[in-house]
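*Asks:* pasting the sequence and the predicted model now:
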Amino acid sequence: MKYSRYVVSIPKKEHTFLFNTKNNLAVKIENRLFEKNETDSKTRKQFYNFLYTRKFLPERNELEEAVQMFRDRDVSTLRIIILAHGDCNFRCKYCYEKFVDCTIESQKSSILKFVKNKFEQYQFKDIHVSWFGGEPLLGYRDILDISKALIELSSTYGIRYHSDMTTNGYLLNSRTLSRLVTECQVQSYQITVDGTKEGHDNQRVLKNGHGSYDRIIKNLSNAQKLDLNFHILIRLNVSKENYSDVENFLVTDAQLFKRDKRFQLLFRNVGDWGCGDRKEGYEVKRFAEDVSFELSQKAIKQGYNLFDHLLFRSNFYAYYAQKEHTYTIDTKGNLLKCTVALYDEENKIGNLDSCLSMIKNKNPG
């Protein structure tokens, strides 16, 4: 049976998982049902109707429908991704970024004007601000200032404010986390821990060549003791070099977070994400096959809270660059489509100042 191009199929020994990225529906189908379909016409018809009504099968104008669903889902939310700092205190072996020592400070006024203009143009219900880098916490003071200004602006327009951060976690001590949560409403964090100390420190190296594991685990442990409302997604990037370290992490230090629902795990294969500033040969050996699902199953059996693995693979997350009213702003005020192809000229769609000048010319006085 042919499925929609938007359906992810993951076959296992006794069953198959199907995940529909158009509507985020997931089903688990036993292999014996597939076998029964071959001989029982009634079962085959019921099975077909089940999949068809839930949009698991190909449809006419499927691409147009998917795009429209995407737009309908997002028109009420303004999404701003801000690269708070151009440098990083890490030099990871799979990083795709090129680093420049510059901050977002000079763009504060332009960001506020840009967001205000969007609020006045469209009837948004929510604004979602994501902090990225480099390492965003190198621009911690700017994050505090810009966040507070955006929260005040959102309140003036009656728009709900949400915020998250992707950080390596090295600078996220208890005081910093507390201020970000309480003053800046940054309640969701993604922090990467690549297994136990040996595996992690091999892949995620500080700029000075030292390991980063001990400080990150200390910060996560201290965060776990705080009585605050936040969510931390611990991402584990898996290569051939740290697979066993990731497995060992589940039976050692990860136990600290197993019973705290504020913490979830996410496993991802190290991908060919680009070279960035890395020297030739400074890399890890990648798996050809996807091992993240296998590790997710092991973690679930051990009682861990997992971020939805299938949902992360869906176009709901993967294609944020194509979402309407989503903008990425770098430290120079460039408007980008996404945070991956940072150095591709086709990724740049404009500049904050030029956009604001165009708006001013259209609305003089």
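*Replies:* That came in fine, so what should we check first? Numbers count the residues shown, from 1 in each chain.
*Asks:* lowest-confidence helix or strand of this structure?
*Replies:* Ranking every helix and strand in the chain by mean pLDDT, DSSP states H and E puts helix 315-318 at the bottom, with a mean of 43.
*Asks:* for the helix or strand just after it, name the packing helices and strands.
*Replies:* The C-terminal neighbour of helix 315-318 among helices and strands, as given by DSSP states H and E, is strand 326-329. Contacting strand 326-329 under the criterion 3 or more Cβ pairs under 8 Å, 6 or more residues apart in numbering; DSSP states H and E are the following elements: strand 77-83, helix 108-121, strand 334-336. To be clear about C-beta, it is placed using only N, CA and C from the backbone, and glycine gets the same treatment.
*Asks:* hmm, try it at 7 Å
*Replies:* Based on contacts counted as 3 or more Cβ pairs under 7 Å, 6 or more residues apart in numbering; DSSP states H and E, the elements that strand 326-329 packs against are strand 77-83, strand 334-336.
*Asks:* in its sheet, which strands sit next to that strand, and in what direction?
*Replies:* Sheet partners assigned to strand 326-329 using DSSP bridges are listed as strand 77-83 (parallel), strand 334-336 (antiparallel).
*Asks:* buried deepest among the helices and strands packed on strand 326-329, which one?
*Replies:* For these, average neighbour numbers computed from mean count of other Cβ atoms under 10 Å are highest in strand 77-83, which has a mean of 22.
*Asks:* and the angle from that one to helix 108-121?
*Replies:* Using axes from the mean of the first three to the mean of the last three Cα atoms, to 10 degrees, one finds that strand 77-83 and helix 108-121 are set 170 degrees apart in direction.
*Asks:* residue numbering should commence at 26 henceforth.
*Replies:* Will do, 26 is the new start, and the previous item becomes strand 102-108.
*Asks:* and strand 102-108, average pLDDT?
*Replies:* Strand 102-108 shows a mean pLDDT of 95 in the predicted model.
*Asks:* now do stretch 59-74
*Replies:* For stretch 59-74, the per-residue pLDDT averages 86.
*Asks:* send me that stretch as PDB with only the CA atoms.
*Replies:* Only the C-alpha atoms of stretch 59-74 are listed here, as PDB (Å, rounded to 0.1, in the frame of the first residue of the first chain):
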ATOM      1  CA  PHE A  59      -1.000  -6.400   6.900                       C
ATOM      2  CA  GLU A  60      -1.000 -10.100   6.400                       C
ATOM      3  CA  LYS A  61      -4.800 -10.300   6.900                       C
ATOM      4  CA  ASN A  62      -5.300  -7.600   4.300                       C
ATOM      5  CA  GLU A  63      -3.800  -9.900   1.700                       C
ATOM      6  CA  THR A  64      -6.600 -12.500   2.100                       C
ATOM      7  CA  ASP A  65      -9.600 -10.800   3.700                       C
ATOM      8  CA  SER A  66     -11.300  -8.200   1.500                       C
ATOM      9  CA  LYS A  67     -13.500  -6.900   4.300                       C
ATOM     10  CA  THR A  68     -10.500  -6.200   6.500                       C
ATOM     11  CA  ARG A  69      -8.700  -4.600   3.600                       C
ATOM     12  CA  LYS A  70     -11.600  -2.200   2.900                       C
ATOM     13  CA  GLN A  71     -11.900  -1.300   6.600                       C
ATOM     14  CA  PHE A  72      -8.100  -0.700   6.800                       C
ATOM     15  CA  TYR A  73      -8.200   1.400   3.700                       C
ATOM     16  CA  ASN A  74     -11.000   3.600   5.000                       C
END
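*Asks:* just the buried residues of it, please?
*Replies:* If you call a residue buried by 16 or more other Cβ atoms under 10 Å, then stretch 59-74 has these buried ones: 62, 72.
*Asks:* and what of stretch 30-39?
*Replies:* Going by 16+ other Cβ under 10 Å, stretch 30-39 has these buried residues: 31-32, 35.
*Asks:* now the terminal residues of that stretch, how far apart.
*Replies:* Using Cα to Cα, to the nearest Å, the end-to-end distance of stretch 30-39 comes to 23 Å.
*Asks:* can you list the strands paired with strand 351-354 in CSV and add distance to Gly236?
*Replies:* Output for the strands paired with strand 351-354, formatted as CSV (distance: least, Cβ to Cβ, whole Å):
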stretch, distance to Gly236
strand 102-108, 26
strand 359-361, 32
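*Asks:* and those strands: which comes nearest His256?
*Replies:* Nearest of the strands paired with strand 351-354 to His256, taken as Cβ to Cβ: strand 102-108 at 17.6 Å.
*Asks:* re earlier: out of the strands paired with strand 351-354, which comes closest to Ser213?
*Replies:* Using Cβ to Cβ as the measure, strand 102-108 is the one of the strands paired with strand 351-354 that comes nearest Ser213, at 13.4 Å.
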